[in-house]
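Engineer: model this:
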Amino acid sequence: MEPKINREEPRLKLVKNDSEIACYHCGSKRYQKNGTTGRRKKYHCKDCKRYFLEGVNKSKSKSHYNIPLSDDVWSAEDLGLRISPHRSDSKLIFLSIQQGWLKEAAKKFIHYKAATLQFQTLQKIISSFNTFSEFIALNYPQITWKQLNRDIILDYINYLTSKHLNWDTKNHKISHLKELFEIGKINHWFEISSYLISPEDYLKPCKRLPRYIPEVVMTQLNKNLQLLPEPITRMVLMIQETGLRIGELLQMSIDCLKQDSQGNWLIYYMNWKMSKEDTKPISRELAKVIQEQQKYIKEHLGKEFSYLYCARKGGSNCRNNSFIPQAKVMSDKSFLTFLRKLAKQCNIVDDSGKLWNFQAHQFRHTVGTRMINAGVPHHIIQRYLGHESPAMTSVYAHIHDSTLRKEIEKYHESKVVNFQGQTVELDKTILSSNDDLEWFKKNIQARALEHGYCARPKVLGDCDIPGFDGCYNCPHWRTNSNFLPILKDTLDRTNKVIEKARNCGWELQVKKNEPIQQNLETVIKSLEEEANEQKD
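Structural biologist: Have a look, this model is predicted:
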């Protein structure tokens, strides 16, 4: 029987059970279409969650479970891993691991993790093992697993510090090694001492700043867009409005453009990071740009090419700016080559006069930062950019000078209160000059919140309170009457949580939420009193 298909949503469709097509990893006939690789159709298995190609004989295909550990180069296809068509690298390479004992364990570990991790993540793990191998070869060339001890690990951590890695990279390299030790010991791959890596070995996370493109650079870019080939111009217009990840842009389906019942335009795209299909509302102007690109693809490559954008013949190695369309997905490197050539050609520079080095992800950060500075609520930005958690969106929550000044003035046009409903005065000199504003930026965390703003002094470090609900008990939280609807809604939800907790006998939940309830009642009462006074 043919599976039921939801006709209302243009989602990935479950393929008819054809006896000639089956997942060569597990033999299942439950799968979804997932684009093409070359001339072959690609599918995603609903049972084993891996990818496979049409027309590949299972008996001739290497199984993920019997890849020879003697091979130093593994292909993603052999492991059943999906590779984005805009990326040319599809190999896992172990050649840089110099010690046989470490290489064997590394292969077993990657083989073990391949069932649950993405290809790019596995590459990063191998890079971590390469770094550790390099350290061992330089400092302890004769040791094996039995001689590995805490002192050697401490030396390795100092070695990472000497390489001036950022905190994120260093922590990942330590974490990958720690997991190798744990998994290897559990599976009896080797004998090793316990607790070689401890929590204090990790660097404290630093607050990430958005890597947005300054407006002065964006102005120069848009002024010279006509010098780019038409498809690249359309790609730039699309990425700077939508904030798509480069992989999402390059793999955009040609039939991505849709209209809702009210005639508003939106695009369907695959959010590969979250492994789900998603939508974005777009402007009418961008819809017209997409329609022009659809026409371009159909005229040059016909109806068989299923992507909105294509590569050019010669790729990034072409020396000129011509664009001869080719029926394959463009690489991210090729896209950036066009932008960087344009920057050199037109001398696109920042405020300091430095030539701007375009990166694809900068456009995404620019969209997020612009939305924050336009006053768009945090949760809407999270939904628009397809972020899994508010923490991902908070990277953009840094306010520009002009916006910061406006926000301060706006907050203090009316009564500003803290979490106890007490009025908070702001020193008027903060708004009197740029010097005072700069002092405020450096000493106070300028963060936009959905229910107010954060006045935590920066000398105290980054806020470690999880979620926005923690603000209701924080002395650094500030709010005013502009946020009364959100505060009332939060109080209503809190009351329901407490009521249910009491009915179920959940005393811990009651104690946890009662302080929030009391503070919200006090804050709302204080702000409503001010609003009533103004009406009188």
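Engineer: show me the longest helix that occurs in the chain.
Structural biologist: Counting by DSSP state H, the longest helix found in the chain is helix 507-535.
Engineer: quick check: mean pLDDT of that one?
Structural biologist: What helix 507-535 shows for mean pLDDT is 82.
Engineer: now do that helix: which elements does it pack against?
Structural biologist: In terms of contacts (3 or more Cβ pairs under 8 Å, 6 or more residues apart in numbering; DSSP states H and E), helix 507-535 is packed against helix 484-504. Just so you know, the C-beta spots here come from the backbone N, C-alpha and C atoms, and that holds for glycine as well.
Engineer: before we move on, which element is Thr393 in?
Structural biologist: Using DSSP states H and E, Thr393 falls within helix 390-393.
Engineer: against which helices or strands is that helix packed?
Structural biologist: helix 378-385.
Engineer: buried residues in the helix it packs on, which are they?
Structural biologist: 378, 381-382, 384-385 (16 or more other Cβ atoms under 10 Å).
Engineer: which helix or strand in this structure has the lowest average pLDDT?
Structural biologist: Scoring the helices and strands of the chain by mean pLDDT, DSSP states H and E places helix 434-443 at the bottom, with a mean of 46.
Engineer: hmm, who's touching the helix or strand harbouring His300?
Structural biologist: Element membership for His300 (DSSP H and E) is helix 284-301. Outside of helix 284-301, the residues within contact range by Cβ atoms under 8 Å, 6 or more residues apart in numbering are 230-231, 234, 237-238, 241-242, 254, 256-257, 265, 267, 282, 305, 307-310, 325, 327.
Engineer: go again with 6 Å.
Structural biologist: The contact list for helix 284-301, computed with Cβ atoms under 6 Å, 6 or more residues apart in numbering, reads 234, 237, 241, 254, 257, 265, 305, 308, 325, 327.
Engineer: also stretch 69-87?
Structural biologist: The contact list for stretch 69-87, computed with Cβ under 6 Å, 6+ apart, reads 25, 50-51, 62, 64, 67, 90-95, 107, 114, 119, 247, 250, 329, 331-332.
Engineer: so which of those are in helices?
Structural biologist: 107, 119, 247, 250, 332.
Engineer: low-confidence regions, the stretch 151-300 of the chain specifically.
Structural biologist: For the stretch 151-300 of the chain, residues meeting the criterion pLDDT under 70 lie at 206-210, 274.
Engineer: mind listing the strands for it?
Structural biologist: According to DSSP state E, counting those that start in this stretch, the stretch 151-300 of the chain carries its strands in the segments 257-259, 265-271, 276-281.
Engineer: please work out which of those strands is packed deepest.
Structural biologist: The highest average neighbour count among those, using mean count of other Cβ atoms under 10 Å, belongs to strand 265-271 at a mean of 19.
Engineer: could you dump it to CSV, C-alpha only?
Structural biologist: Backbone C-alpha positions of strand 265-271 (Å, rounded to 0.1, in the frame of the first residue of the first chain) are rendered in CSV as follows:
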residue,chain,number,x,y,z
TRP,A,265,5.8,35.3,-0.4
LEU,A,266,8.0,32.8,1.4
ILE,A,267,10.7,30.3,0.6
TYR,A,268,11.0,26.6,1.5
TYR,A,269,14.5,25.4,2.3
MET,A,270,16.3,22.6,4.0
ASN,A,271,17.8,23.5,7.4
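Engineer: residue boundaries of the helices in the stretch 101-250 of the chain?
Structural biologist: Assigned by DSSP state H, counting those that start in this stretch, the stretch 101-250 of the chain shows helices spanning 119-139, 150-162, 167-186, 215-223, 230-242, 246-250.
Engineer: list just the one of those helices that sits closest to Arg478.
Structural biologist: Ranking the helices of the stretch 101-250 of the chain by proximity to Arg478 (Cβ to Cβ) places helix 215-223 first, at 27.9 Å.
Engineer: wait, is Phe338 part of a helix?
Structural biologist: Yes. Looking at Phe338 with DSSP: H, G, I helix; E, B strand; the rest coil, it is inside a helix.
Engineer: now that it has come up, it's in contact with Ile232, right?
Structural biologist: Yes. With contact defined as Cβ atoms under 6 Å, Phe338 reaches Ile232; the gap is 4.8 Å.
Engineer: show me which residues of the helix holding Thr393 are buried.
Structural biologist: By 16+ other Cβ under 10 Å, the buried positions in helix 390-393 come out as 390, 392-393.
Engineer: and those residues, which is closest to Val497?
Structural biologist: For those, the nearest to Val497 is Pro390 (18.8 Å; Cβ to Cβ).
Engineer: quick one: pLDDT of the closest residue to the closest one other than its chain neighbours?
Structural biologist: Nearest non-adjacent residue to Pro390, counting by Cβ to Cβ, 6 or more residues apart in numbering: Gln382, 5.9 Å away. At Gln382, the pLDDT value in this model is 81.
Engineer: hmm, Thr393 and Gln382 touching each other?
Structural biologist: Yes. Assessed by Cβ under 6 Å, Gln382 is found in contact with Thr393 at 4.3 Å.
Engineer: what's the domain layout of this protein?
Structural biologist: The chain breaks down by automatic domain parsing into domains covering 62-201, 215-373, 399-535.
Engineer: which one of those domains lies nearest to Lys41?
Structural biologist: domain 215-373 (10.1 Å).
Engineer: ok now the closest one, how far from the chain's centre?
Structural biologist: 18 Å (Cα atoms, centre = their mean, to the nearest Å).
Engineer: ok, now stretch 474-494?
Structural biologist: The chain centre lies 29 Å from the centre of stretch 474-494; the measure is Cα atoms, centre = their mean.
Engineer: now that stretch: buried residues?
Structural biologist: 474, 476-481, 483-484, 486-487, 490-491, 494.
Engineer: cool, stretch 151-163 as well?
Structural biologist: Neighbour-count burial for stretch 151-163 [16+ other Cβ under 10 Å]: 153, 156-157, 159-160.
Engineer: need the residues you listed in a markdown table (columns: distance to Trp74).
Structural biologist: Listed next are the buried residues of stretch 151-163 as a markdown table, based on distance: Cβ to Cβ, whole Å:
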| residue | distance to Trp74 |
| --- | --- |
| Ile153 | 28 |
| Tyr156 | 26 |
| Ile157 | 29 |
| Tyr159 | 28 |
| Leu160 | 26 |
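Engineer: nearest to Gly184 among those?
Structural biologist: The nearest member of the buried residues of stretch 151-163 to Gly184, counting by Cβ to Cβ, is Ile153 at 14.6 Å.
Engineer: for Arg312, give me phi and psi.
Structural biologist: phi -110, psi 150 (degrees, to the nearest 10).
Engineer: next one: it from Ser253, what distance?
Structural biologist: Arg312 sits 20 Å away from Ser253, going by Cβ to Cβ, to the nearest Å.
Engineer: with Pro68 instead?
Structural biologist: For Pro68, the distance to Ser253 - Cβ to Cβ - is 38 Å.
Engineer: among these two, which residue is more densely surrounded?
Structural biologist: When Pro68 and Ser253 are compared for neighbours, Ser253 comes out ahead with 15 against 8, by other Cβ atoms under 10 Å.
Engineer: distance of the more buried one from Gln32?
Structural biologist: For Ser253, the distance to Gln32 (Cβ to Cβ) stands at 14 Å.
Engineer: residue ranges of the strands in the stretch 301-450 of the chain, please?
Structural biologist: So, for the stretch 301-450 of the chain - with DSSP E, counting those that start in this stretch - the strands run 311-312, 325-326, 447-449.
Engineer: and the second one, what does it pack onto?
Structural biologist: Meaning strand 325-326. The contact analysis (3 or more Cβ pairs under 6 Å, 6 or more residues apart in numbering; DSSP states H and E) places strand 325-326 against no helix or strand.
Engineer: partner strands of that strand and their direction?
Structural biologist: If you go by DSSP bridges, strand 325-326 pairs up with strand 311-312 (antiparallel).
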